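Asks: with the sequence up front, the predicted model follows.
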Amino acid sequence: MNANLKPVPNAPALLDVEHARKTFPRGDGGELLVLDDVSLSVAPGEIVGLLGRSGSGKSTLLRLIAGLAEPSGGEVRYLGKPVAGPAAGIAMVFQSFALFPWLTVYENVALGLEALHVPRDEIRSRSLAAIDLIGLDGFESAYPRELSGGMRQRVGFARALVVHPNILLMDEPFSALDVLTAENLRTDFLDLWSDGKMPIKGVILVTHNIEEAVQMSDRILVFATNPGRIVTSIDVKIPRPRDRLDPAFAALVERIYVEMTAKPGRGTTARPERAPGVGIDTVLPRVSSNLLSGLIETVAAQPFAGKADLPEIASELQLEIDDLFPVAESLQMLRFAEVEGGDLRLTPDGLAFADAASDERKRVFARHLLGQVPLAAHIRRVLDERASHAAPKSRFLDELEDHMSPESAEQTLRALVSWARYAEVFAYDDETGMFSLENPT
């Protein structure tokens with residue numbers, strides 16, 4: 001790496017975020033807490049990775065840093081001054097390409113400089129230099145529709161770099177690309193960064209890809225959800241370029257999985273009657289019974305034989321944490337598996353489910369659904385007690401909205417409906433919005 005781009009010890013920070021908090025108003029007059037007590041800094045020459053699942057407030061934090069939103073508490077300072085509105089010297093690359101389709105590559109890149117009223121000759125020279133830097137020399141007159149996804153994202157990088165920012169914010173910039181294109185673009189970006197060819201001094205990368213965070217970052221901040229908060233800060237001391245097959249790389253990936261699957265309050269020996277933290281107000285992930293069955297079968301089969309390392313599963317099935325964790329946590333909620341220390345271990349009932357025939361699987365799933373998910377038991381009890389054995393969706397939706405946002409309440413009911421249909425514990429008619437006991441065996 002160019003010596004000028006190594007993190008500089010004791011140098012004044014480019015950015016300081018102190019005790020940032022962000023809330024949004026809820027329909028019931030309350031507040032939804034999205035970020036809570038988040039503090040971080042970015043030093044010159046540093047790439048800081050923000051790693052966490054969707055819903056952990058990472059993108060919201062980027063908006064606060066960019067000055068596109070105001071914190072509800074705490075403070076964001078850029079070069080020692082509070083951020084109040086869009087900050088000159090901070091640029092962003094988005095997950096979506098966000099290009100104007102009626103403008104050429106050159107025009108899309110030049111747009112930011114035109115908004116800054118930069119002289120025309122300088123606009124031209126800087127725009128062409130940025131296009132050349134990110135590897136699209138010769139495509140200046142092409143329109144976005146003529147470019148591949150990777151090329152369009154390169155235009156997004158050029159548009160951000162052309163204004164010569166001190167800090168580049170990257171909001172999952174590779175997640176919309178196929179695996180090979182994303183890897184190529186990551187490598188090119190790191191090569192330019194390491195060679196000191198980019199006009200930026202610091203980078204904040206939002207990602208939910210653990211290997212991407214390890215490959216790119218000098219420091220990784222791991223976020224928890226509900227509300228978003230930093231739970232771990234990890235320095236990445238592996239020299240660049242980093243090899244995914246390097247034991248040190250694999251060990252760090254494993255450590256992060258362990259951190260992200262650690263249970264609160266470890267040390268108790270009592271076996272809970274229900275998975276910890278599951279209540280009638282628990283937000284359920286949209287995970288199909290097919291995904292649950294598939295993961296059980298994968299872990300039950302060789303070479304795992306009932307216990308698997310989450311990084312190995314993610315690698316074998318090509319899953320990121322936003323895909324894998326909801327399935328693994330749903331299995332834990334249903335008591336088909338235990339997740340801790342970066343491992344997923346099937347319970348005896350999980351192993352029995354894997355070996356069972358279709359009808360027996362349904363019976364086992366129904367027993368666990370009603371026994372481990374209080375909302376399922378609550379809906380079934382209401383249906384059993386009513387003479388009509390039916391109840392409107394709104395009756396349960398209103399209850400859930402006392403504890404969560406309307407969007408989360410809708411997601412939770414839809415997730416539960418999918419599981420209940422598979423287990424045949426109750427039915428739901430989406431046209432009438434009615435739950436009933438019409439179909440269960």
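Replies: Sure, I can see it.
Asks: any idea how far L437 is from E360?
Replies: Here the criterion is C-beta to C-beta, to the nearest Å. By it, L437 lies 22 Å from E360. Every residue, glycine included, has its C-beta placed from N, CA and C.
Asks: now the lowest-mean-pLDDT helix or strand in the chain: buried residues?
Replies: Lowest by mean pLDDT, DSSP states H and E among the helices and strands of the chain is helix 310-317, with a mean of 83. Across helix 310-317, burial judged by 16 or more other C-beta atoms under 10 Å covers L310, P311, E312, I313, A314.
Asks: again with stretch 164-172
Replies: P165, N166, I167, L168, L169, M170, D171, E172.
Asks: and if you look at stretch 382-393?
Replies: Under 16+ other C-beta under 10 Å, the buried positions of stretch 382-393 are V382, L383, H389, A390, A391, K393.
Asks: now those as CSV including distance to S289, secondary structure and pLDDT?
Replies: As requested, these are arranged in CSV below (distance: C-beta to C-beta, whole Å; DSSP: H, G, I helix; E, B strand; the rest coil; pLDDT from 0 to 100):
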residue, distance to S289, secondary structure, pLDDT
V382, 23, helix, 93
L383, 20, helix, 93
H389, 23, coil, 92
A390, 23, strand, 93
A391, 23, strand, 93
K393, 20, helix, 93
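Asks: nearest to A115 among those?
Replies: A115 lies nearest to K393 out of these, by C-beta to C-beta, at 47.5 Å.
Asks: OK, contacts around the closest one?
Replies: Counting by C-beta atoms under 8 Å, 6 or more residues apart in numbering, K393 touches L413, Y428, G433, M434, F435.
Asks: 6 Å instead?
Replies: Counting by C-beta atoms under 6 Å, 6 or more residues apart in numbering, K393 touches G433.
Asks: now do the SS call for R229.
Replies: Three-state call for R229 (DSSP: H, G, I helix; E, B strand; the rest coil): strand.
Asks: wait, it sits on D36?
Replies: Yes: with contact defined as C-beta atoms under 6 Å, R229 and D36 form a contacting pair (4.9 Å).
Asks: which other residues reach the least confident helix or strand of the chain?
Replies: With C-beta under 6 Å, 6+ apart, helix 310-317 has contacts from V253, E254, Y257, L324, G342, L344.
Asks: got it, and stretch 357-370?
Replies: Under C-beta under 6 Å, 6+ apart, the answer for stretch 357-370 is L334, R335, F353, A376, A377, W419, A423, V425.
Asks: quick one: those residues as JSON lines, columns for secondary structure and neighbour count too.
Replies: Formatted as JSON lines, the contacts of stretch 357-370 follow (DSSP: H, G, I helix; E, B strand; the rest coil; neighbours: other C-beta atoms under 10 Å):
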{"residue": "L334", "secondary structure": "coil", "neighbour count": "25"}
{"residue": "R335", "secondary structure": "coil", "neighbour count": "22"}
{"residue": "F353", "secondary structure": "helix", "neighbour count": "24"}
{"residue": "A376", "secondary structure": "helix", "neighbour count": "23"}
{"residue": "A377", "secondary structure": "helix", "neighbour count": "15"}
{"residue": "W419", "secondary structure": "helix", "neighbour count": "22"}
{"residue": "A423", "secondary structure": "helix", "neighbour count": "22"}
{"residue": "V425", "secondary structure": "coil", "neighbour count": "24"}
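Asks: where do the domain boundaries of this protein fall?
Replies: 3-89+165-260, 278-441 (automatic domain parsing).
Asks: L116 is nearest to which of those domains?
Replies: domain 3-89+165-260 (8.1 Å).
Asks: what's the burial count for Q215?
Replies: Per other C-beta atoms under 10 Å, the neighbour tally for Q215 reads 23.
Asks: in which helix or strand does it reside?
Replies: Take DSSP states H and E as the rule and Q215 turns out to sit in helix 210-216.
Asks: can I have that helix written out in CSV, keeping just the CAs?
Replies: The C-alpha trace of helix 210-216 is given here as CSV (Å, rounded to 0.1, in the frame of the first residue of the first chain):
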residue,chain,number,x,y,z
ILE,A,210,-18.6,-10.7,5.9
GLU,A,211,-15.9,-11.7,3.4
GLU,A,212,-16.2,-8.4,1.6
ALA,A,213,-15.8,-6.5,4.8
VAL,A,214,-12.6,-8.5,5.7
GLN,A,215,-11.2,-8.1,2.2
MET,A,216,-11.6,-4.4,2.0
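Asks: and whichever helix or strand comes after that helix, C-alpha only, in CSV?
Replies: Moving toward the C-terminus from helix 210-216, the next helix or strand (DSSP H and E) is strand 219-224. Taking C-alpha atoms only, strand 219-224 is exported to CSV below (Å, rounded to 0.1, in the frame of the first residue of the first chain):
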residue,chain,number,x,y,z
ARG,A,219,-11.4,-1.7,10.7
ILE,A,220,-14.8,-3.4,10.9
LEU,A,221,-17.7,-2.2,13.1
VAL,A,222,-20.2,-4.9,13.6
PHE,A,223,-23.8,-3.7,14.1
ALA,A,224,-26.7,-5.3,16.0
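Asks: perfect, I'm done here.
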